[in-house]
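Student: Need the 3D shape of this:
(one chain, ligands or ions: 1)
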Amino acid sequence: MQLKASKKKTKKETETLSNKKPEKLIDKKGIRLDGRKLDELRPVKMEVGVLPNADGSAYLEQGKNKILVGVYGPKEAHPRHIAQQDRAVIQCRYHMAPFSVDERKSPAPSRRDVELSKVIREALEPAIFLEYYPKTAIQVYIEILQADGGTRCAGITAASLALADAGIPMRDLVAACAAGKADGKLIVDLMDTEDKVGEADVPVAFMPNLNAITLLQMDGGLLVDEFENAVNMAIDGCKQLYNLQKEALKSKYVAVEEDEEE
Ligand code: UDP
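Tutor: Sure, this is the predicted structure:
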């Protein structure tokens, strides 16, 4: 049995790909185009508190992805009719900068931006104690400065850090990572070429302490056992990212403590 999801490419995408489509994504030794092993994440850098004007913020690099997140709130919800009597609402905007991809992207929100804003919001909501702040809004702005595949996952990982940095009470951090299939092999943390040329992409968001998945999507085709293995590989990636998230938060507060001691 094969699980299928739409893997349609726009005409523009197909044309761009045909110019730079590699013959192989994985060599005989099981090494990927960027030198990674099948189960290896891209190099990751995370920092919190990078935007003094926002209530919380985070900057994340994952391979060539560069993502900045600013959080405001909880604050009075505007327009008022979006307010909920018993909980805070999350307003989430995922936005790709026009210079984030090699072909200039229109600065206007695309259908994809709107969809990703929704799935990212839904991936973050279960982690937040929304019921503590009725009638308020928490605003999450995710700016993709540079994109190279897996930006929805990297956006979730960074947004969760920015929410924690804003001091918003959370059940757990959310870390997100994709797994997928390229040249018939399962791989983790797909970069853009692997995402577009490969056979499948399964983005997963996960709360490691609560052992709960908050986002699960699939693009492409996988056998059922491949799907299970891909989800497990993605969860393993999330756990590695989670440790880095905790380190990023700790390093900010250790630095604050040291400043106070001086
Ligand atoms: N991308 C692009 N132009 C666009 C949208 C996406 O070049 O208008 C690239 C970008 O590198 C992105 C990748 O395609 O990271 C994969 O996009 P997808 O929709 O699968 O989301 P993601 O994998 O980033 O979560």
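Student: For the rest of this, base every contact and every neighbour count on C-alpha atoms.
Tutor: Noted.
Student: Check what pLDDT residue 253 gets.
Tutor: Looking at residue 253, its pLDDT reads 79.
Student: Okay, and it sits in which element?
Tutor: helix 224-261 (DSSP states H and E).
Student: Now that helix: buried residues?
Tutor: For helix 224-261, the buried set under the neighbour-count rule, 16 or more other Cα atoms under 10 Å, comprises 226-227, 230-231, 233-242, 244-245, 248-249.
Student: same for the ligand: which of these are within range?
Tutor: Restricting the buried residues of helix 224-261 to those touching the ligand (Cα under 6 Å from any ligand atom) yields no residues.
Student: Helices of the stretch 1-150 of the chain, start to end?
Tutor: 11-20, 111-124 (DSSP state H, counting those that start in this stretch).
Student: how about the residues of the stretch 151-262 of the chain that lie near the ligand?
Tutor: 151-153, 192.
Student: which residues does residue 94 bridge with?
Tutor: The residues listed as beta-bridge partners of residue 94 by DSSP bridges are residue 142.
Student: Going through the residues of the stretch 151-262 of the chain next to the ligand, which ones are buried?
Tutor: Applying 16+ other Cα under 10 Å to those flags 151-153, 192 as buried.
Student: CSV please, covering the residues you listed and showing pLDDT and secondary structure.
Tutor: Output for those, formatted as CSV (pLDDT from 0 to 100; DSSP: H, G, I helix; E, B strand; the rest coil):
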residue, pLDDT, secondary structure
151, 98, helix
152, 98, helix
153, 98, helix
192, 97, helix
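Student: quick check, nearest of these to residue 174?
Tutor: residue 153 (9.8 Å; Cα to Cα).
Student: Thanks a lot, catch you later.
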